[in-house]
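Asks: task: produce atomic coordinates for the following.
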Amino acid sequence: MNNFAGIEDEFAAFGSASVLLQSIPYDGTSTWGKGADNGFEAFLDAAENMELYDIETNSEVYTKGIHILPELTVNHSPEAVVEESYRVAKKMIESGKFPTFFGGEHSISIGVIKAFYEQYPDITVLQLDAHADLRSDYLGTPYNHACALHDASKNTNLIQVGIRSMDTSELAYLNREKCFLAEDIYGTDEWMQKSIDMMGEKVYITFDLDAFDPSIMPATGTPEPGGLDWNTTIRYLRKVFEQKTVLGFDLVELAPVKGNKAPEFLVAKLYYKMLSYKFMLANQTR
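Replies: Numbers count the residues shown, from 1 in each chain. Next up, the predicted model:
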């Protein structure tokens, strides 16, 4: 496997890396658009064609080191994937490095988030998503992508942003005060600080790419109209990283569209931007 963004081996080796990147290319429970299991390779290809100098933070965060771990290959059942994701995430947390994860569909986050809340019982989970993902089970399993945040809703301080699609069965698990629907946040920034004030100090971010509007992110399994734009999203993420201790994050549901490389480039830029916020903001004058 190539190094992230083609960086030199000295910045990609495990020993010198501050960041670990784990691919979990599972797409077994998605129910409409398929292809999230191909997202990681498209993401890496886009990253190799991305400038590594971040203008906003005046930095090159890759010098902190980004190591790609061997991809998770267990995929014979959703239960097995969740268990393996949990096991790998625990090891990554114990390494003392900054853990990042790339789906695959959103069900991969279930085991990852469990590993985080067991290590940090007071953790806040920030979910950016078009869908509530709060079903207790779906199509015969609690490990479906439609159930991705159900366990987190019971065991963490869950903050949901960008939601604009859900089933009535999910209302029983929805904390409306901590759910910032897309229709409520359009045209205003007041929700940003309000949501941040509801977070504890420690935060894990799970980012379903369908949180973005399909006009800029069509490459997802279930694109929903009325989503977030790029500048609003990164402005919000910067505030989160500035004010809270982000312990890790995942990006899920990139399903590449043949002939359109823009979405995967957006995701590469988003990943790099989030790392820049994590490691380089402390060096900036704010």
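
Asks: going by C-alpha atoms from here, please, whenever you check contacts or count neighbours.
Replies: Noted.

Asks: show me what contacts K202?
Replies: Going by Cα atoms under 8 Å, 6 or more residues apart in numbering, K202 touches Y120, D122, I123, T124, K244, T245, V246, L247.

Asks: mind running it again at 10 Å?
Replies: K202 makes contact with Y120, P121, D122, I123, T124, V125, K244, T245, V246, L247, G248, according to Cα atoms under 10 Å, 6 or more residues apart in numbering.

Asks: need the max-distance pair from those residues.
Replies: P121 and K244 (15.9 Å; Cα to Cα).

Asks: where's the residue nearest to M217 when sequence neighbours are not counted, which helix or strand?
Replies: Distances taken as Cα to Cα, 6 or more residues apart in numbering put P263 closest to M217, at 5.3 Å, once the chain neighbours are dropped. P263 is located in helix 262-280, with elements delineated by DSSP states H and E.

Asks: what strand or helix carries F14?
Replies: Going by DSSP H and E, F14 is not in any helix or strand.

Asks: and it, its phi and psi?
Replies: In terms of degrees, to the nearest 10, the main-chain angles of F14 are phi -60, psi -50.

Asks: how close does E60 sit to D54?
Replies: Note on E60: its distance to D54, by Cα to Cα, to the nearest Å, is 6 Å.

Asks: quick check: neighbours shared by these two?
Replies: With Cα under 10 Å, 6+ apart as the test, E60 and D54 both reach Y272, S276, M280.

Asks: who wins for most neighbours among those residues?
Replies: In terms of neighbour count, S276 stands highest of the shared contacts of E60 and D54 at 24 neighbours, by other Cα atoms under 10 Å.

Asks: I figured that one hits I66, correct?
Replies: No - checked against Cα atoms under 10 Å, the pair S276 and I66 is beyond contact range at 11.9 Å.

Asks: the stretch 51-200 of the chain: helices as residue ranges?
Replies: 78-94, 108-119, 150-155, 182-185, 190-197 (DSSP state H, counting those that start in this stretch).

Asks: which of those sits most buried?
Replies: Of those, the one with the most neighbours on average (mean count of other Cα atoms under 10 Å) is helix 108-119, at a mean of 23.

Asks: least trustworthy helix or strand in this protein by mean pLDDT?
Replies: Every helix and strand of the chain was ranked by mean pLDDT, DSSP states H and E. The lowest is helix 182-185, at a mean of 94.

Asks: hmm, who's touching that one?
Replies: For helix 182-185, contacts defined as Cα under 10 Å, 6+ apart pick out 129-130, 161-165, 191-192, 211, 225-228.

Asks: between P121 and K244, which is the more surrounded one?
Replies: K244 (18 against 14).

Asks: that one against G200, yeah?
Replies: Yes - using Cα under 10 Å, K244 is in contact with G200, at 7.7 Å.

Asks: any idea how far A46 lies from P214?
Replies: According to Cα to Cα, A46 and P214 sit 19 Å apart.

Asks: got it, and D197?
Replies: For D197, the distance to P214 - Cα to Cα - is 29 Å.

Asks: also F207?
Replies: For F207, the distance to P214 - Cα to Cα - is 15 Å.

Asks: strands of the stretch 1-150 of the chain, start to end?
Replies: 19-24, 66-68, 98-103, 124-128 (DSSP state E, counting those that start in this stretch).

Asks: can you redo those as JSON lines with distance to F4 and mean neighbour count?
Replies: Output for the strands of the stretch 1-150 of the chain, formatted as JSON lines (distance: least, Cα to Cα, whole Å; neighbours: other Cα atoms under 10 Å):
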{"stretch": "strand 19-24", "distance to F4": "9", "mean neighbour count": "24"}
{"stretch": "strand 66-68", "distance to F4": "7", "mean neighbour count": "23"}
{"stretch": "strand 98-103", "distance to F4": "13", "mean neighbour count": "24"}
{"stretch": "strand 124-128", "distance to F4": "24", "mean neighbour count": "25"}
